[in-house]
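# Turn this into a structure:
(2 chains)
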Amino acid sequence: MTAPTPPVTAPAPAAVQALAGRRAAAGRVSLTPEVDFVRIRFAGDSGDGIQLTGTRMAASSAQFGNDFATFPDYPAEIRAPVGTTYGVSAYSINIGQTEILTAGDSPDVLVALNPAALKVNLADVRDGGLVVVDEGTFTDRDLKKAGYDGNPLEDGSLGRHRVLRLDISALTLAAVKDFGLGQKDGLRCKNMWTLGLVLWMFGRGTEAVEAWLGRKFKDTVRDSNLAALKAGHAYGETMELSGDVRRFDIPAAQVAPGTYRTVTGAETLSWGLWAGARLAGLPLFLGSYPITPASSMLHTLARMKDRGVTTFQAEDEIAAICAAIGASYGGALGVTTSSGPGVALKTEAIGLAIATELPLVIVDVQRGGPSTGLPTKTEQADLLQAVYGRNGDAQIPVIAAATPGDCFHCAIEAVRLAIRHMTPVMLLSDGYIANAAEPWRLPAMESLTPFPTTFRTEPQGFHPFLRDADTLARPWVKPGTPGLAHRIGGIEKDYDSGNISYSPANHQRMTDARMGKLTAIARDLAPLTVDQGERSGEVAVVGWGSTYGAIRVAVGRARAAGKAVSHIHLRHLWPLPPDLGDLLAGFRHVVVPELNTGQLATLLRSELLRDVRSHTKVQGQPFKVAEIAAVLASLTE
Amino acid sequence: MGIQSDTPRLLTDKDFASDQDVRWCPGCGDYAILKAVQRTLPQIGATPDTTVFVSGIGCSSRFPYYMATYGFHTIHGRAPAVATGLKITNPDLDVWVVTGDGDGLSIGGNHMLHALRRNIDLNILLFNNEIYGLTKGQYSPTSPCGTRSPSSPGGSVDAPLMPCVFALGAGARFVARGGDTLLKQLPEVLKRAHAHKGASFVEILQNCVIYNPGAFDAVTDKKTAPDSVLFVEHGKPMLFGRDGRKGLVRSPDGFGLAVATVGENGVTEADVLVHDETNRLLGMALAALRPPLFPMVMGVIHCAPGDSFETACRAPEVPAGGDAAADIMALLHAGDTWTVP
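The predicted structure is shown next:
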């Protein structure tokens, strides 16, 4: 298969949102743990409320003015057997006064609410890091369930760390004893007690969490959680003299002026789809079927009915995309959201949208594969599925989002391309950015430029498949338009009339026209920019998607150490930017880090005839900065 | 191309026929159904510009190409799903789904089930010829057990599905049966289906002259039809037979149906059951009857309208011409935000 290789002409009309420099702290490399940043990981049973603790800590840090990045990591089982290692849920958050782009490789603080949480997470904690454990759970029974032969609190296996042993279970139960809760319900407040303690460690008050609890809960649930939160905070105050714990003082980050809010990629991507539809002047129709980790977008958009969003929870993945195609045929913007296995099911319908030349956005929130794979873990292994995974010569544009904030802009770009060229567009996200939270500087209103849709209404000279010479888009006609009744379908059709045609020459011409849309898109792409570094040098690191943060930090550190390393981030994966080959020619080495077995590397080799160093990992976890830094070090010594 | 929808003259079947040559096999039952549909549409006030035919894959699914309306020939089994998205987006359109026994009940069975239980306002015509025609004659989910075909040389071994029973089981609120050659009856069924607001399911018995000829001879043959077909009508006693004296009565055990002859064994006309199309249980019993022991029931088997899905599902329209950028900013700022000066 040959990629379109168009001439480089005019720059894109697309609004190019620079990824870097989203905050003024950008460019300043975070170097010193516990001075510039603190990485904290909450870990416990999947029923312990760990995710909630983490998101509240993130919200509190946002309000304080820190920059931060988070990484929620939880099992696929809703309530795995209590106390087991596979039931451990964790939430990492990196809080800083400098630009923070990853949740951090090695926590400085681990809060482990049971032995299993300690067992799973201890290896990651940096030497000398603080480990807070709920020793009330270190009973023989729970130690055994976690697979410990002895008690790690007693046998010296925590020697490389500072350990703070607290009977959080008993302290929580004591804090809520006046509410008449049973042991089980009382222990459900453990996460709030822990949050109270951690807020104290960071010199924060509990007011924001108190207000949140007041909004979310009522009666005994609210009051008992408030009591636990305050008790945890007070415990820190009274314990201060013990000397076991030093408090962290992470000042607010110096960030660019503007209005901020804490967002996840699932939210921003949903809002971006809606914003794109609004800018196009179209109603948004989402056809979707529940699947992890894409369901949160269905949830977000389902709450936006009063803003004109129709959500249709279909009977299956196929119906979800087919209904979206029906909606696009009817003159709405059809969108379907899913993850890899669901996108596989949608494959034939994507071909139908290509053949009938209807706009459509398919969102793939990637997770570990193949098959059911790792539903709650992140991976970037659907790139080749997105680019090539259909029968026939059936290519569509593929765009990937880098960060939660970038999801918003990528979604608008996907909508714009789908309408401009009358084509399905694949928008890739992944489990990491879908769930991770970050502070997002809201875009300026001036950056939101409408691109109104024109529907064909003029019967004179109408041919359903006569196309625009520039974009190769066919006219979009709403059924119900007087005088324009016509038939479309998945059978090959005549270049003009759209009637069934099996003519050999016509199939060649139609195939060329469909592929030509990609050439037209490539031609319109803005010239590539380099995210960090010069346009030539020793090493170019080419990344895509959610590895952006880890690559950026690693390249930043290498550059701070004087290495000639540059970072190129690709938002448009297909068609590839036409100037990519020339840009990479200026570097001695090209490194391509990916969370798959080398899919972008394969594309680059086949399209550019350029060898690249593929650096990959498939462990269901984001890259650590150190992993990329090690590759860069080996090339620049 | 279509015609202007404000044309004052009365439309005819020709206004609904496209300029494309019909490519079904000579003698195919689909021709008669096409004609019946083209004749019926003008009578119910339809216009080509506000009518859409959506189909899947198979012989029957070529139907939209022969209509001068809007049409969408989709992929195998998925027409109800595509039509659902279309109808939600534009509820003013008259949306018809044309499908077959393989398309609608095998590969697309799931979509059929859910379109029916949601009660979305689609007129679904399922051409049942009890065979796969376009793929050259394999047995279908409605083929009787023992059907010999290229894929079942020793005779098929799976129990067949009864489309109208399936539809009622899925919760369909309008279920009817017609036949390709029943030129008087079929248009009446189509009119009722169109008038019903919500999902309307019409099984049309259709003869495949190449791969399954004569499958419905008992029902369509003028000699045998009177004794093997019962045309039901709401509020009328369910009588049939050459002399109109056979009727459906309660079975002796009281829980099923039986055929009796008025005037024999003390059976009077008062014993003959009266059709009540609003009674779902009666509908299920009628839908399951088949010759030779029972008549094939034709006509509107069940009709009990309820709320239709598209109105409830659809988001309110956003007023056109609003300031999109301002709306977007309002959304982004609605929530916990903080400002850095």
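
# contacts, neighbours, all on C-alpha from now
Fine.

# what's around residue 83, how many residues?
As the question left the chain open, I've gone with chain A. Residue A:83 has 25 neighbours, counted by other Cα atoms under 10 Å in any protein chain shown.

# Not quite, go with chain B.
34.

# do you know how far residue A:47 is from residue A:53?
Taken as Cα to Cα, to the nearest Å, the spacing of residue A:47 relative to residue A:53 amounts to 12 Å.

# Neighbour count: the two, which is higher?
Summary of the neighbour comparison: residue A:47 and residue A:53, criterion other Cα under 10 Å, with residue A:53 having more neighbours (22 against 17).

# hang on, isn't the more buried one packed against residue A:191?
Yes: A contact is recorded between residue A:53 and residue A:191 when judged using Cα atoms under 8 Å, the distance being 6.1 Å.

# got the contact list for residue A:67?
Listed by Cα atoms under 8 Å, 6 or more residues apart in numbering or on different chains, the contact partners of residue A:67 are A:61, A:95, A:96, A:97, A:98, A:99, A:100, A:252, A:253, A:438, A:439.

# The last one bridge partners, please.
Beta bridges link residue A:439 to residue A:262 when assigned by DSSP bridges.

# And it, what's its pLDDT?
The pLDDT attached to residue A:439 in the predicted structure is 90.

# SS state for residue A:312?
Here residue A:312 takes the strand state, with states given by DSSP: H, G, I helix; E, B strand; the rest coil.

# Just the pLDDT for residue A:637.
According to the model, residue A:637 scores 80 on pLDDT.

# What is the burial count for it?
Summarising burial for residue A:637: neighbours were counted as other Cα under 10 Å, giving 6.

# Equivalent analysis for residue A:169, please.
Neighbours of residue A:169 (other Cα under 10 Å): 24.

# Next one: it from chain B, what distance?
With the distance defined as Cα to the nearest Cα, to the nearest Å, residue A:169 ends up 32 Å from chain B.

# Now do the contacts for that residue.
A:134, A:136, A:137, A:187, A:190.

# quick one: residue B:125 and residue B:202 touch, right?
Yes: counting by Cα under 8 Å, residue B:202 is a contact partner of residue B:125 at 5.0 Å.

# Would you mind telling me which of these two has the busier surroundings?
In terms of neighbours (other Cα under 10 Å), residue B:202 is the more surrounded of residue B:125 and residue B:202; the figures are 30 against 25.

# SS state for that one?
Of the three states, residue B:202 takes strand according to three-state DSSP.

# residues contacting it?
Applying Cα under 8 Å, 6+ apart, the residues contacting residue B:202 are B:123, B:124, B:125, B:126, B:175, B:176, B:177, B:178, B:189, B:190, B:193.

# want to throw the residues you listed into JSON lines with pLDDT?
What follows is the contacts of residue B:202, written out as JSON lines (pLDDT from 0 to 100):
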{"residue": "B:123", "pLDDT": "98"}
{"residue": "B:124", "pLDDT": "98"}
{"residue": "B:125", "pLDDT": "98"}
{"residue": "B:126", "pLDDT": "98"}
{"residue": "B:175", "pLDDT": "98"}
{"residue": "B:176", "pLDDT": "98"}
{"residue": "B:177", "pLDDT": "98"}
{"residue": "B:178", "pLDDT": "97"}
{"residue": "B:189", "pLDDT": "98"}
{"residue": "B:190", "pLDDT": "98"}
{"residue": "B:193", "pLDDT": "98"}
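
# In those, find the pair that's most separated.
Pairwise distances across those (Cα to Cα) peak at 13.8 Å, for the pair B:123 and B:178.

# Out of the contacts of residue A:67, who's the most crowded?
Each of the contacts of residue A:67 was scored for neighbours by other Cα under 10 Å, and residue A:95 scores highest at 31 neighbours.

# Skip the chain neighbours and tell me the closest residue to that one.
By the measure of Cα to Cα, 6 or more residues apart in numbering or on different chains, the closest residue to residue A:95 outside its immediate chain neighbours is residue A:68, 4.5 Å from it.

# now that neighbour, what's its secondary structure?
When states are read from three-state DSSP, the local structure at residue A:68 comes out as strand.

# Does it touch residue A:60 like I think?
No: because the distance of 10.7 Å does not satisfy Cα under 8 Å, residue A:68 is recorded as not touching residue A:60.

# More neighbours: which of those two?
It is residue A:68, of residue A:68 and residue A:60, that has more neighbours when counted by other Cα under 10 Å, with 29 against 19.

# contacting residues for that one?
Residues in contact with residue A:68 (Cα under 8 Å, 6+ apart) are A:58, A:61-62, A:93-96, A:99-103, A:438-439.

# List the ones among these that fall in helices.
A:58, A:61, A:62 (DSSP state H).

# Tell me which stretches of chain B form strands.
Secondary structure of chain B (DSSP state E): strands located at B:51-55, B:70-73, B:94-100, B:123-128, B:174-179, B:200-205, B:229-232, B:239-240, B:246-250, B:257-261, B:296-303, B:337-340.

# who does the third one pair up with?
What it means is strand B:94-100. According to DSSP bridges, the neighbouring strands of strand B:94-100, each with its direction, are strand B:51-55 (parallel), strand B:123-128 (parallel).

# Let's test this: mean pLDDT of the first one, rounded?
Over the span of strand B:51-55, the pLDDT mean works out to 98.

# Please name every helix or strand in contact with whichever helix in chain B runs longest.
With secondary structure taken from DSSP H, chain B has its longest helix at helix B:29-43. With contacts taken as 3 or more Cα pairs under 8 Å, 6 or more residues apart in numbering or on different chains; DSSP states H and E, helix B:29-43 sits against helix B:185-195.

# Render the CA-only coordinates of the helix it packs on in PDB, please.
Taking only C-alpha atoms (Å, rounded to 0.1, in the frame of the first residue of the first chain), the coordinates of helix B:185-195 have been written out as PDB:
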ATOM      1  CA  GLN B 185     -54.400  -7.800   0.800                       C
ATOM      2  CA  LEU B 186     -50.700  -6.600   0.800                       C
ATOM      3  CA  PRO B 187     -51.500  -2.900   0.100                       C
ATOM      4  CA  GLU B 188     -53.900  -2.800   3.000                       C
ATOM      5  CA  VAL B 189     -51.300  -4.300   5.300                       C
ATOM      6  CA  LEU B 190     -48.800  -1.700   4.100                       C
ATOM      7  CA  LYS B 191     -51.200   1.100   4.800                       C
ATOM      8  CA  ARG B 192     -51.800  -0.100   8.300                       C
ATOM      9  CA  ALA B 193     -48.100  -0.500   8.900                       C
ATOM     10  CA  HIS B 194     -47.500   3.000   7.700                       C
ATOM     11  CA  ALA B 195     -50.300   4.400   9.800                       C
END
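
# host element of residue A:607?
Element membership for residue A:607 (DSSP states H and E) is helix A:599-608.

# immediately after that helix, which helix or strand?
Past helix A:599-608, further along toward the C-terminus, the next helix or strand under DSSP H and E is strand A:613-616.

# Identify each buried residue in the following helix or strand past that next one, please.
Counting by DSSP H and E, the element after strand A:613-616 in chain order, helix or strand, is helix A:625-636. Counting neighbours by 16 or more other Cα atoms under 10 Å in any protein chain shown, one finds that the buried residues in helix A:625-636 are A:625, A:626, A:627, A:628, A:629, A:632.

# Roughly how far does the second one sit from chain B?
What it means is residue A:626. Look at residue A:626 and chain B: by Cα to the nearest Cα, they are 32 Å apart.
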